[in-house]
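Asker: fold the stuff below for me.
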Amino acid sequence: MIYYAKHGEADQCLKHYLQLLESQGKLPCHEALHQLARVLYSKRHLSGFSILHDTLLAYYKLNPPSGRQSRNLAYIYTMFINLIMRQPNYTKKRSPTSSNVRKSQRLSDQSPRYSSSPLPLSVTSSTTSPSMTMTTKTTTIIQLCQEMRELGLTGSPVLYNSLLKFCVMKMDSALATSLYKELVNICPPTKHTYSILLDLARKQKDSGLILQVLDRLELDGIVPDRPMVSTVMLALCDQQQYMMAIEFVDQLARHAPQVMGPQYKSVLMDTLDRHYQQHKRKNKRQQRYLQQQNQDQAARKLQQSMEL
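Answerer: Predicted coordinates for the structure are as follows:
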């Protein structure tokens, strides 16, 4: 299995895994299982990963996982969730090709426990990036998280960051906040966690969430990196919060000179000025348009009164 996995032969690796499970009724070693999950993930082999998920779920329901097995299984669940998130969104109804259906069916028939996939048949029957609706993704990911709880698996920052990224895809700040609170109770958030939350705040134009994230960064003693600083600056500029942006830059320059050096501060202030000037020009165009509209309306009223 490890040989086929390292050579990128996902189908052969999965075939040997199923043969071992069928003939001996046991799982391969941790390394082989890890390599199988990695090659399925790297190949975006959704149907194969669904088979792996079903067999592992059935096995560990009968044989509760040990500490090391739990960590390995949580890692596999995290990869499965990420793989589902990476599937293209459904835009047009497509029927899977007959060759892909037959290929997936052959793999499915080799596994006696392949019967409870969280994915619909129209999704699992294709091995090459099938499309999924956002509703299907959401339902599947929720089910996988419920399974993790039932198996007693502890979430990691990597898992929660993946779920937060999904919240960004869904533009669901309420769910993101709930997941963040859950993460805080389990383990410390990472810098990447806050970067994801800032990205969501910018897309939703939520200055309140930006301030909450910045306050939490300060409480946790985490210094924002340059990508995070850029996200905050662009978000504040999008909302025309120019004074707040200037205050943020000045405060960071005082407390984190290693991030906000003179040169970088100059670049940010130039960016801020450019956004401000663009906003002024846009306002002037809008004012001219409204003025012209008012003049035209007044002229029409005058013409109507003269005709009367």
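
Asker: the helix or strand of the chain with the lowest mean pLDDT: what's the following helix or strand?
Answerer: Taking mean pLDDT, DSSP states H and E as the measure, the chain has helix 121-124 as its least confident helix or strand, at a mean of 36. Downstream of helix 121-124, the next assigned helix or strand under DSSP states H and E is helix 134-150.

Asker: what about that next one, average pLDDT?
Answerer: Taken as a whole, helix 134-150 has a mean pLDDT of 91.

Asker: please point out which parts of it sit buried.
Answerer: Buried residues in helix 134-150, counted by 16 or more other CB atoms under 10 Å: 136-138, 140-141, 144-145, 147-148. Yep, even glycine has a C-beta here, placed from its N, CA and C like the rest.

Asker: and it, what does it pack onto?
Answerer: Secondary-structure packing of helix 134-150 (3 or more CB pairs under 8 Å, 6 or more residues apart in numbering; DSSP states H and E): helix 67-86, helix 157-170.

Asker: the same query, at a cut-off of 7 Å, please.
Answerer: Secondary structure elements in contact with helix 134-150, counted by 3 or more CB pairs under 7 Å, 6 or more residues apart in numbering; DSSP states H and E, are helix 67-86.

Asker: what separates residue 219 from residue 213, distance-wise?
Answerer: The gap separating residue 219 from residue 213 is 11 Å, by CB to CB, to the nearest Å.

Asker: of those two, which one has the most company?
Answerer: residue 213 (24 against 8; other CB atoms under 10 Å).

Asker: wait, the more buried one touches residue 197, no?
Answerer: Yes: the pair residue 213 / residue 197 is scored as a contact, 4.9 Å apart, by CB atoms under 7 Å.

Asker: need the phi and psi values for residue 11.
Answerer: Its backbone dihedrals place residue 11 at phi -60, psi -40, with angles given as degrees, to the nearest 10.

Asker: then residue 190?
Answerer: The phi/psi pair for residue 190 (degrees, to the nearest 10) reads phi -100, psi 170.
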